[in-house]
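Enquirer: have a look; sequence and predicted model below, questions after that.
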Amino acid sequence: MTTDHEATFLASLGWSEFFSDQLTDDDHGLIPRRIAEVHRSRLSVTSLDGLIRLTISHQLNTSEFAVGDWVLVDPDDDRLVRRLERRTLLQRRVEGRQGQQLGAANVDTLLIVTSCNADFNVARLERYMALANQAETTPVIVLTKADLAPDVAEYEAQAKALQRDLAVVVLNAKSEDAASTLGPWSGFGQTLALIGSSGVGKSTLVNALAGLSGEGSQATGGIRERDAKGRHTTTARSLHAMEGGGWVIDTPGMRTLHVSDVQEGIEQVFSEITELAEHCRFRDCTHDHEPGCAVQAAVKSGTLAPERLARWRVLRDENDKNTPKMTGPKGNKVLQKRR
Ligand SMILES: Nc1nc2c(ncn2[C@@H]2O[C@H](COP(=O)(O)OP(=O)(O)OP(=O)(O)O)[C@@H](O)[C@H]2O)c(=O)[nH]1
Ligand SMILES: [Zn+2]
């Protein structure tokens with residue numbers, strides 16, 4: 001019963017064979033919808049007529065859903081029937097809590113936003129990239145406030161060195177061409193999400209990408225609301241149509257970060273170290289004092305910066321500490337997969 005209009009709308013939201021292949025005969029009559037808002041007792045989805053609040057059971061734990069999830073809905077009563085398997089999932093560890101919090105689902109590209117000033121911190125960027133890699137979302141570094149920095153090329157070079165083949169974009173988030181600069185990642189059917197510290201220009205970028213100004217715009221700078229605990233929050237809906245034809249997810253929950261369970265993501269960020277380690281004499285080499293260590297040899301020859309190795313160690317140790325371990329059949333430790 002899907003009209004052409006509806007089909008184009010779903011395709012703009014990223015509906016693809018990955019999701020349609022999950023449909024069975026039992027799903028006849030149901031329609032796919034994408035989650036735009038997740039609250040404690042309510043879920044909303046996008047539609048051509050605007051947001052629709054889903055009918056859900058009182059027992060449903062909404063924290064198991066993420067903005068960007070695809071769900072099947074009964075159009076007669078807007079009842080949630082089931083969630084489809086995710087293509088990508090960004091999640092983060094919350095200090096003092098068990099497990100991980102879901103951030104955003106089915107995101108194609110994660111814009112890691114930082115500014116060309118004191119906010120720029122390579123260790124934090126590597127951490128964000130480990131998370132993006134682990135989620136199987138493509139990271140892109142966006143360097144904002146280029147208009148205020150005299151030494152932009154220096155920041156750009158440092159960002160490019162963070163991971164092999166990493167895309168780095170330099171811009172002024174307030175300029176008219178900010179959205180078109182991000183065109184390669186904001187086209188029809190593409191989903192973007194943003195991460196980065198407070199004040200780097202995320203809301204400004206969302207406004208530029210979504211063509212929002214005035215009434216509909218995300219609060220930028222000091223005009224934000226306070227939540228119950230008196231903290232500043234950017235309170236607005238989380239899924240916006242972009243002028244380029246895709247969608248952008250802006251979830252405040254993704255803005256701070258501790259890592260756990262991102263071992264493969266870390267190996268991808270530091271692929272040059274991962275590859276060198278294969279040539280160490282000992283399989284369990286710690287790349288510290290061992291003879292025949294290919295990683296230390298690279299540091300000595302100047303091809304690997306000692307600071308980069310030190311940051312890899314810190315991130316890997318933090319991840320190991322935060323990742324729950326299971327004891328394997330032979331008593332050796334096995335990393336627990338929680339996907
Ligand atoms: N000159 C200049 N100012 C910028 C740029 N990007 C952001 N700003 C300004 O920096 C301030 C903070 O920008 P926001 O977009 O609110 O930052 P945010 O990352 O959304 O911050 P939170 O909502 O706290 O997470 C605003 O006053 C923006 O106008 C830029 O590229 N150049
Ligand atoms: Zn070694």
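Expert: Yep, it's here. Only a predicted model underlies this, so the values are computations on that prediction, with no experimental measurement involved. Ligands and ions are numbered 1, 2, ... in the order given.
Enquirer: now the helices: where do they sit in the protein?
Expert: Along the chain, counting by DSSP state H, helices occupy 4-12, 17-20, 122-135, 152-160, 178-181, 202-210, 263-269, 271-277, 294-301, 306-322.
Enquirer: quick check: which of the ones you listed is buried the most?
Expert: Greatest average neighbour count among these goes to helix 202-210 (a mean of 25), per mean count of other CB atoms under 10 Å. Backbone N, C-alpha and C define where each C-beta goes, glycine included.
Enquirer: what's the model's confidence in it, averaged?
Expert: Averaged across helix 202-210, the pLDDT comes to 93.
Enquirer: which other helices and strands contact that helix?
Expert: Here helix 202-210 touches strand 109-115, strand 138-144, helix 178-181, strand 191-195, strand 239-241, strand 247-249, going by 3 or more CB pairs under 8 Å, 6 or more residues apart in numbering; DSSP states H and E.
Enquirer: and that helix, anywhere near ligand 1?
Expert: Yes. Under the criterion of CB under 6 Å from any ligand atom, ligand 1 is reached by helix 202-210 at Lys202, Ser203, Thr204.
Enquirer: dump the helices of the chain to CSV, plus distance to Leu171.
Expert: Putting the helices of the chain into CSV (distance: least, CB to CB, whole Å) gives the following:
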stretch, distance to Leu171
helix 4-12, 24
helix 17-20, 31
helix 122-135, 16
helix 152-160, 10
helix 178-181, 5
helix 202-210, 9
helix 263-269, 23
helix 271-277, 27
helix 294-301, 34
helix 306-322, 26
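Enquirer: who in the chain is up against ligand 2?
Expert: Along the chain, the residues adjacent to ligand 2 under the rule CB under 5 Å from the ion are Cys280, Cys285, His287, Cys293, Val295.
Enquirer: now the closest residue in space to the third one that isn't next to it in sequence: how far from ligand 1?
Expert: If I follow you right, that is His287. Of all residues not flanking His287 in the chain, Val295 sits nearest, at 3.8 Å (CB to CB, 6 or more residues apart in numbering). In this structure, Val295 and ligand 1 are 36 Å apart, going by CB to the nearest ligand atom, to the nearest Å.
Enquirer: model confidence for Val295, exactly?
Expert: If you check Val295, the pLDDT there is 97.
Enquirer: do the same with His289
Expert: 89.
Enquirer: what is the burial count for it?
Expert: If you count neighbours by other CB atoms under 10 Å, His289 ends up with 8.
Enquirer: coming back round to it: what's the closest of the helices of the chain to Leu51?
Expert: Closest approach to Leu51 among the helices of the chain is made by helix 4-12 (13.5 Å; CB to CB).
Enquirer: contacts for the closest one next, please.
Expert: Identification of contacts with helix 4-12 by CB atoms under 8 Å, 6 or more residues apart in numbering yields Thr2, Pro32, Ser47, Leu48, Phe188, Gly189, Ala241, Gly245, Gly246, Trp247.
Enquirer: Trp70: which of the helices and strands packed on helix 202-210 is closest?
Expert: That would be strand 191-195 among these, by CB to CB, at 10.9 Å.
Enquirer: contacts for the closest one?
Expert: 13-14, 68, 90, 103-104, 106-113, 128, 131, 137, 182, 185-186, 202, 205-206, 209, 242, 246-251, 254-255, 257.
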